[in-house]
Each structure stands twice: as structure tokens, then as C-alpha cells.
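Q: Quick check, what structure comes out for this input:
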Amino acid sequence: MKKTYKCEVDCANCAAKMEDAIKKIGGVTNARVNFMTQKLTLEAADDKYDEILQAAVKACKKVEPDCEIEI
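A: Numbers count the residues shown, from 1 in each chain. Coordinates of the predicted model:
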């Protein structure tokens, strides 16, 4: 499953760090955090998508605590 979410991130460096952290989560096929468009695109296994999404949000908050992801 592939979905896109609005993701408020403050800088391109943080977006890259978030992307790397999400890609390390088990079950993630691909992830893209785009600073310019303020979007997170997450592609992951259908059967565990909700769990993976929550882990991705947690990973993003670890990199930038004040980031907002609209789910």
C-alpha cells in the first residue's frame, strides 16, 4: 500500500534524516519525505500498514519533535 500525508518539516536535512529512519523500519518498501512539498509518501506491507505508519510517525518525532504529520 502506498499513501501520501502532509508532513510539516522545518529543513531539508531533517527531512532526509526522517526518510532514512523510516526506511529502516521493517515492512517499509519505500519512503520519501519531501521538504519542498511538505509531504511524506509511505509505501509498506498492507497487512501491517497501520503499525508501520505509527512507527514512521514515531521515527519522525525522534528526529524533529515538533514535526506534524496529518494522518
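Q: right, and I69 touches V57 too?
A: Yes. Counting by CB atoms under 8 Å, V57 is a contact partner of I69 at 5.4 Å. To be clear about C-beta, it is placed using only N, CA and C from the backbone, and glycine gets the same treatment.
Q: E43 pairs with what?
A: Partner residues in beta bridges with E43, using DSSP bridges, are K2, N30.
Q: since we're on it, how many residues are nearby?
A: Look at E43: counted by other CB atoms under 10 Å, it has 15 neighbours.
Q: In contact with it, which residues?
A: When contacts are counted by CB atoms under 8 Å, 6 or more residues apart in numbering, E43 touches M1, K2, V28, T29, N30, A31.
Q: Can you select the buried ones from these in PyMOL?
A: The buried residues among the contacts of E43 can be selected in PyMOL (16 or more other CB atoms under 10 Å) with this line:
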select buried, resi 28+31
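Q: which one among the contacts of E43 gets closest to A16?
A: Closest to A16 out of the contacts of E43 is A31 (11.2 Å), distances taken as CB to CB.
Q: now the spatially closest residue to that closest one that is not a sequence neighbour: how far from F35?
A: By the measure of CB to CB, 6 or more residues apart in numbering, the closest residue to A31 outside its immediate chain neighbours is I22, 4.0 Å from it. Separation of I22 from F35 (CB to CB, to the nearest Å): 14 Å.
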